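Visitor: generate a structure from the sequence data that follows.
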Amino acid sequence: RENGLRLLGTQIIFRSGNPLAEHELHKVAIETSRAVIALSPDGLDPDEADSRMVRQVLSLKGSDLKSHVVVEMQDVDNRDLVNMIGGNMVEVIVAHDVIGR
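Guide: Modelled structure (predicted):
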């Protein structure tokens, strides 16, 4: 317990790849995950980064995902769109709001 993080038996697995490719979602066993955290890409215009996140949510929704999805967005104006698409399965975090508090 060197870092003080208590996971209480939870296993965390980090994966990267193309979240729009169905075969890559199956490769990381997306259908058995309890939660998915989708991070916004760095180095892009906020609108372009958010459009990629919208496509990721659409891809996850199309895969019959049953788990909770946390999506990082860069522009607060795009939050409602992702909430409309993802419904109850999605929680949106706007990076600038969190950093500004």
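Visitor: need the contact list for the residue positioned nearest the centre of the chain.
Guide: Centrality entry for the chain: nearest residue to the mean C-alpha point is residue 38, 2.2 Å, by C-alpha atoms, centre = their mean. Counting by C-beta atoms under 8 Å, 6 or more residues apart in numbering, residue 38 makes contact with 19, 53, 56-57, 60, 69-72. Any C-beta I mention is one placed from the backbone N, CA and C, and that applies to glycine too.
Visitor: give me the mean pLDDT for stretch 68-88.
Guide: Mean pLDDT, computed over stretch 68-88, is 92.
Visitor: any buried residues in it, and which?
Guide: By 16 or more other C-beta atoms under 10 Å, the buried positions in stretch 68-88 come out as 69, 71-74, 78-79, 81-82, 85-86.
Visitor: which members of the residues you listed are positioned in strands?
Guide: Residues of the buried residues of stretch 68-88 located in strands (DSSP state E): 69, 71-73.
Visitor: if we can go back for a sec, okay, the contacts of residue 38 in TSV with distance to residue 25 next?
Guide: TSV is the format used below for the contacts of residue 38 (distance: C-beta to C-beta, whole Å):
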residue	distance to residue 25
19	7
53	15
56	10
57	13
60	8
69	12
70	16
71	15
72	18
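Visitor: of the residues you listed, closest to residue 34?
Guide: Closest approach between the contacts of residue 38 and residue 34, by C-beta to C-beta: residue 69, at 10.9 Å.
Visitor: can you give me the helices for this protein?
Guide: Using DSSP state H, the helices found in the chain span residues 22-27, 46-62, 79-86, 95-100.
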